[in-house]
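In: this one's sequence-less:
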């Protein structure tokens, strides 16, 4: 199995740990980020295969982090899935305009479904 790299940006410490543990068990190298600044830094330094990006985070929110990542030569084509509690149509439209692979409302998915979606995305690249 390929050793994929993933940046997980999530300000909820428990959810960040749960996601990190689950993807580690799947063989991923995980770069956990507590805010958008860390997400941008880890993404641009490590060029992960996929980025899970929460929208509402301290210091720099996910939309600002997404824009910063897309400004980079590597980041313009990075696979990004946004995670949020928001179901704001305007945010969805803005995210789509920046080439987000998917936009997931946190209460609508289970961990197993997220892992399957990530693996499906990586295998289709």
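Out: Sure thing, it's come through. What you are looking at is a predicted structure, and each value in this text was computed from that prediction instead of being measured.

In: quick check, pLDDT for residue 43.
Out: Confidence at residue 43, expressed as pLDDT, is 97.

In: residues touching it, list them.
Out: Counting by CB atoms under 8 Å, 6 or more residues apart in numbering, residue 43 touches 7, 31, 51, 69, 75, 78. Every residue, glycine included, has its C-beta placed from N, CA and C.

In: inside helices: which ones of those?
Out: residue 69 (DSSP state H).

In: as a markdown table, the contacts of residue 43 with neighbour count and pLDDT would be great.
Out: Below are these laid out as a markdown table (neighbours: other CB atoms under 10 Å; pLDDT from 0 to 100):
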| residue | neighbour count | pLDDT |
| --- | --- | --- |
| 7 | 29 | 96 |
| 31 | 20 | 97 |
| 51 | 28 | 94 |
| 69 | 22 | 95 |
| 75 | 18 | 92 |
| 78 | 21 | 90 |
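
In: check the contacts of residue 43 and tell me the two furthest apart.
Out: 31 and 75 (14.3 Å; CB to CB).

In: find the nearest non-adjacent residue to the residue nearest the centre of the chain, please.
Out: By CA atoms, centre = their mean, the chain has its centre lying nearest to residue 52, at 1.2 Å. Beyond its immediate neighbours in the sequence, the residue positioned closest to residue 52 (CB to CB, 6 or more residues apart in numbering) is residue 8, lying 4.7 Å away.

In: strands of the chain, start to end?
Out: 5-9, 29-33, 50-54, 80-84, 102-105 (DSSP state E).

In: for residue 66, report the pLDDT, please.
Out: For residue 66, pLDDT reads 91.

In: any idea how far apart the tips of stretch 61-78 sit?
Out: 18 Å (CA to CA, to the nearest Å).

In: could you number the chain from 827 rather than 1 from now on?
Out: From this message on, residue numbering opens at 827, which makes the last subject stretch 887-904.
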